[in-house]
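*Asks:* Sequence plus predicted model, see below.
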Amino acid sequence: MEIVLEAKQLKKQYQDKLALKGLDLQLQAGEIFCLLGQNGAGKSTTINLFLGFIKPTAGAAFINGLEVATNVTKVKEYLAYIPENVMLYPNLTGLENLALFSRLAGFDYKKEELMQYLVEAGLPAEAAARRVGAYSKGMRQKVGIAIAVAKHAKVLLLDEPTSGLDPKASNEFSELLLRLSKAGTGIFMATHDIFRAKEVGTRVGIMREGELVDLLATSDLNANELEKLYLNYMH
């Protein structure tokens, strides 16, 4: 299977704090990897290293076989990122945001094609013509997913995507992720949500104080067992 994301002895030191301690990890195409951990465990640092927002102190992060630190611009072609709050232009409509971001990625779609991407991402057709400033968090995320699909991203990076979503929106988001993974997108998600991690994840990693302390296949345990294991590590 094709490896689309990889960490090799990835470390990040901030002054006197070692935020990430030699992470080794691989993500395959079509896999959903969920990284669990408390605030300050190193989850966001890991994502920021893969995005090229920060440089590693040692080791390397790879996207689609390219080292991120030396190919920051090139790896953006293969990546899409959905942070906790999706950054869109509030004065533009959902359709206009998608048109803008897909053009920046080098794609020139017709209006009908853009609408198709939005509707497939679960955004109601009538909402596409409304300004994003009036969207809920769940609606903004759907535009984010549409952008990822429109730019043919091989890897989707997600940072706490379900925090603040109601159960219906959270469930719809999970279904979207499963559809993307079936289409071959590699998904890397940092989350606190143990239930969602079990529900959508192929594998789960537990991170504590910058270290990956466990790595499991979600098929090997139920949500209660995963929660117990996670809480044991947090003591």
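*Replies:* That came in fine, so what should we check first?
*Asks:* Which helix or strand contains residue 100?
*Replies:* Using DSSP states H and E, residue 100 sits within helix 94-104.
*Asks:* What residues of that helix count as buried?
*Replies:* 94, 95, 96, 97, 98, 99, 101, 102 (16 or more other C-beta atoms under 10 Å). C-betas here are computed from N, CA, C, even on glycine.
*Asks:* Need the contact partners of stretch 115-131.
*Replies:* Stretch 115-131 has contacts (C-beta atoms under 8 Å, 6 or more residues apart in numbering) with 90-95, 98, 109, 135, 139, 142-143, 145-146, 149-150, 172, 175-176.
*Asks:* Quick one: buried ones out of those?
*Replies:* Buried among the contacts of stretch 115-131 by 16+ other C-beta under 10 Å: 93-95, 98, 135, 139, 142-143, 145-146, 149-150, 172, 176.
*Asks:* Which parts of this structure are strands?
*Replies:* Residue ranges of the strands in the chain, as given by DSSP state E, are 3-14, 17-28, 32-36, 58-63, 66-67, 79-82, 155-159, 186-191, 203-208, 211-217.
*Asks:* and residue 158, what does it touch?
*Replies:* 81, 82, 187, 188, 189, 190, 191.
*Asks:* Find the nearest non-adjacent residue to the fifth one, please.
*Replies:* Just to be clear, that refers to residue 189. Once flanking residues are discounted, residue 189 sits nearest to residue 158: 4.1 Å by C-beta to C-beta, 6 or more residues apart in numbering.
*Asks:* Please report the distance of that neighbour from residue 224.
*Replies:* Note on residue 158: its distance to residue 224, by C-beta to C-beta, to the nearest Å, is 24 Å.
*Asks:* One more: residue 233?
*Replies:* Distance of residue 233 to residue 224, given as C-beta to C-beta: 15 Å.
*Asks:* Comparing these two, which residue is more hemmed in?
*Replies:* Under the neighbour definition other C-beta atoms under 10 Å, residue 233 and residue 224 were set side by side, and residue 233 has more, 15 against 11.
*Asks:* Does anything pack onto the longest helix seen in the chain? Which helices or strands?
*Replies:* Scanning the chain for the longest helix, with DSSP state H as the assignment, gives helix 167-182. Contact analysis of helix 167-182 by 3 or more C-beta pairs under 8 Å, 6 or more residues apart in numbering; DSSP states H and E lists strand 32-36, helix 137-150, strand 186-191, helix 194-200 as its packing neighbours.
*Asks:* Let's see that with 10 Å instead.
*Replies:* Applying 3 or more C-beta pairs under 10 Å, 6 or more residues apart in numbering; DSSP states H and E, one finds that helix 167-182 contacts strand 32-36, helix 137-150, strand 155-159, strand 186-191, helix 194-200.
*Asks:* what distance separates the longest one from the centre of its chain?
*Replies:* How far helix 137-150 lies from its chain's middle: 12 Å, per C-alpha atoms, centre = their mean, to the nearest Å.
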